[in-house]
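Q: any chance you could fold what I've pasted below:
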Amino acid sequence: MILKEKIRAMVSKFQILNKEEVEIIVKKTIVDEFKKGTVLLKEGQIPTKCYMVVEGCVREYIIKDGDDKSTAFFTEGDTFTPHSGDGKPSKYYWECTEDCILTISNKNFEEEIRTALTRLDAVFQEIAIEKINKAKEEWTQFVTSSPEERYLNLLDTKPLLLNRIPQHQLASYLGIKPQSLSRIRKRLVNKKS
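A: Have a look, this model is predicted:
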């Protein structure tokens, strides 16, 4: 029951939904548990599922020149979907960096929800526009800032993430080497002293 309450709270954040619509979605939502290290999607696979994190953390990454490069971290309340909906193989990996509880959506689920909620396309469109705008803002901030500014922004926007992921994955996400991240952290500690 506590799990359904968490899902209800997360779905309710989409203010376009009324109470009845939230309840329909919560009732029909598929939830599953995944152990740390579970790979939900691999490069080359055709993605068929979308997820929302109820508990835990999922890392998105690519393999480039033999190194994995973290491109995103999804935590409680975050949704993540395939980068293209046209059946193309994924370029990304999705891996649980912690034990996770996730909601799972696929085409059958979406069709069932669309039947129950006739205005769902409008809801999905508004959510998609909101996500695109947020991603654009984050990308602009990322490319126009120094590594230290990126770290400070992450500290400001997702402080709990810093204690949840290994330093080398965090450094990769920030576009720097782990040694550079150590220097940035040391410099910031020295500034506070």
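
Q: so where's this structure shaky on pLDDT?
A: Across the chain, the ranges flagged by pLDDT under 70 are 1, 84-85.

Q: hey, what's E55 bridged with?
A: I101 (DSSP bridges).

Q: now do V39
A: Bridge pairing for V39 - DSSP bridges - gives E95.

Q: so who does it touch?
A: Applying C-beta atoms under 8 Å, 6 or more residues apart in numbering to V39 gives the contacts Y93, W94, E95, C96. Using the backbone N, CA and C atoms, a C-beta is placed for each residue, glycine as well.

Q: look up how far E95 lies from it.
A: 5 Å (C-beta to C-beta, to the nearest Å).

Q: and the longest helix for this structure?
A: helix 120-143 (DSSP state H).

Q: which two among the contacts of V39 are spaced furthest apart?
A: Across the contacts of V39, no pair lies farther apart than Y93 and C96, at 11.0 Å, counting by C-beta to C-beta.

Q: show me what counts as buried in stretch 181-189.
A: L181, I184 (16 or more other C-beta atoms under 10 Å).

Q: so which residues make contact with that stretch?
A: P147, E148, Y151, L152, Q167, L170, A171, L174, I176.

Q: helix or strand for the closest residue to D99 other than its chain neighbours, which one?
A: Computed as C-beta to C-beta, 6 or more residues apart in numbering, the closest residue to D99 that is not its neighbour in sequence is K36, at 5.2 Å. Assessed by DSSP states H and E, K36 sits outside every helix and strand.

Q: now do the contacts for K36.
A: Contacts of K36 (C-beta under 8 Å, 6+ apart): C96, T97, E98, D99, C100.

Q: contacting residues around the residue nearest the centre of the chain?
A: By C-alpha atoms, centre = their mean, the chain has its centre lying nearest to F74, at 2.7 Å. By C-beta under 8 Å, 6+ apart, F74 lies in contact with Y51, V53, C57, V58, R59, E60, F80.

Q: could you dump those into CSV and include secondary structure, distance to D121 and neighbour count?
A: Output for the contacts of F74, formatted as CSV (DSSP: H, G, I helix; E, B strand; the rest coil; distance: C-beta to C-beta, whole Å; neighbours: other C-beta atoms under 10 Å):
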residue, secondary structure, distance to D121, neighbour count
Y51, strand, 20, 21
V53, strand, 24, 22
C57, coil, 30, 21
V58, strand, 26, 23
R59, strand, 31, 22
E60, strand, 26, 20
F80, strand, 20, 21
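
Q: of those residues, closest to R114?
A: Out of those, the member with the shortest distance to R114 (by C-beta to C-beta) is Y51, at 18.5 Å.

Q: isn't that closest one up against L102?
A: Yes: with contact defined as C-beta atoms under 8 Å, Y51 counts as touching L102 (4.7 Å).

Q: mutual contacts of the two, please.
A: Common neighbours of Y51 and L102 (C-beta under 8 Å, 6+ apart) are L40, V58.

Q: partner strands of the host helix or strand of A72, with direction?
A: Assigned by DSSP H and E, A72 falls within strand 67-74. Paired with strand 67-74 in the same sheet, following DSSP bridges, are strand 58-64 (antiparallel).
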